[in-house]
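next one to model:
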Amino acid sequence: MGRIQRQGLAACGVLVAMAVPAQEAAVPLHGYAEIMSNYVGRGLAQSVGQPSVGVELEAGKAEGIYADLDVTSINWIDQLYPGDSVSVEVDGLLGYRHGFAKDWFWKAGLLRLQFPGRYVQQTPPVAEPHTTEVFAYLAWKGISGRLNYALTKAFGTADSQGSWYLDLNATQPVGAWILGAHLGRKQERGVNPDSGLPNSRFSYTDYKVSVERALQPGLSLALAETWTNADPAYYTLNGYAVGGHHLAVILKQTF
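Numbers count the residues shown, from 1 in each chain. Below is the predicted model:
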């Protein structure tokens, strides 16, 4: 979030499809759609207290190469930069995943976070927030950790290549409920070339506790409380503390 993604060829495709059994050629597809009272990502209220909707579609088997496309509505860019009209975040991911030993699982890949829309010239000029990251993920049963590392400027912050976000999570089923806990750390790298101030002033730690219950197969309802130690001087938009305490309700349908 920075301061506050011809004819001959067709014939060949038909021949390939005929040569490979349908059950082997098919690529598994699944995903989910969700409605959120407030979209909180990496500890920050990306929809700035407004309702948000998101859809994710994933292609790939349980192990091996997979791809993911995630589209979620946001509000922070429009409020941070007057005149901009950017209402969605589109995340595209290409990765590889594999299970090993007993109950262990890892994945790694490339993530592009894109913010399509209309941008106007700001004074002073600012970079668009599109960001490319590499990530690595490791899980054992209900405990997981993920590290995202920025290959480009991180969400428009000048000289912020190398910034990272560490995400630690734990879940525990309790009867019909699933309890969750999260600890995250965003670490900004670099120095602002105009002011000479370190980007580390935008760094913060975030926390989340959640409870989720299945309403019916594929449909669940969750309640999540998030908060951070982010400096309000940098993470307040029009009087709203995007890094403050946020209680969000999430209705999720998997398919």
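
so the residue positioned nearest the centre of the chain versus residue 125, what's the distance?
Most central in the chain under CA atoms, centre = their mean is residue 41, positioned 6.4 Å from the mean C-alpha point. As judged by CB to CB, to the nearest Å, residue 41 and residue 125 stand 26 Å apart. From N, CA and C alone the C-beta is placed, and that goes for glycine too.

quick one on the thing from earlier: retrieve the pLDDT associated with the residue nearest to the centre of the chain.
Looking at residue 41, its pLDDT reads 98.

for beta bridges, what are the partners of it?
residue 44 (DSSP bridges).

measure it to residue 185 for me?
Counting by CB to CB, the gap from residue 41 to residue 185 is 14 Å.

ditto for residue 34
Look at residue 34 and residue 185: by CB to CB, they are 25 Å apart.

for residue 74, same thing?
From residue 74 to residue 185 the distance is 22 Å (CB to CB).

higher neighbour count, the two?
residue 74 (23 against 16; other CB atoms under 10 Å).

correct me, but the more buried one touches residue 50?
No - using CB atoms under 8 Å, residue 74 is not in contact with residue 50, being 9.1 Å away.

mind listing the helices for this structure?
7-19, 22-25, 76-80 (DSSP state H).

weakest of the ones you listed by average pLDDT?
helix 7-19 (a mean of 38).

now what about stretch 116-131, what contacts it?
1-2, 5, 77, 81, 83-88, 90, 112-115, 150, 152-158, 194 (CB atoms under 8 Å, 6 or more residues apart in numbering).

again, only using 7 Å
2, 5, 77, 81, 83-88, 90, 113-115, 150, 152-156, 158 (CB atoms under 7 Å, 6 or more residues apart in numbering).

so for that stretch, mean pLDDT?
95.

between the two ends of it, what distance do you get?
For stretch 116-131, the first-to-last residue distance is 12 Å (CA to CA, to the nearest Å).

what's the per-residue pLDDT of the residue nearest to residue 63 when sequence neighbours are not counted here?
Leaving aside its sequence neighbours, residue 63 sits nearest to residue 98 (CB to CB, 6 or more residues apart in numbering; 5.1 Å). Note on residue 98: pLDDT of 98.

and residue 98, how far from residue 138?
Applying CB to CB to residue 98 and residue 138 gives a distance of 11 Å.

residue 169 too?
Taking CB to CB, one finds residue 169 at 11 Å from residue 138.

same deal with residue 111?
16 Å.

quick one: which of these two has more around it?
Legend: neighbour count by other CB under 10 Å for residue 111 and residue 138, higher for residue 111 (21 against 14).

my read is that that one contacts residue 136, right?
No - at 11.1 Å, residue 111 and residue 136 do not qualify as touching, with contact defined as CB atoms under 7 Å.

ok, now which ones touch residue 91?
Per CB under 7 Å, 6+ apart, neighbours of residue 91: 5, 70, 111-113.

for residue 98 and residue 138, list the residues in contact with both.
With CB under 7 Å, 6+ apart, residue 98 and residue 138 have common neighbours residue 106.

many thanks, I have nothing further to ask.
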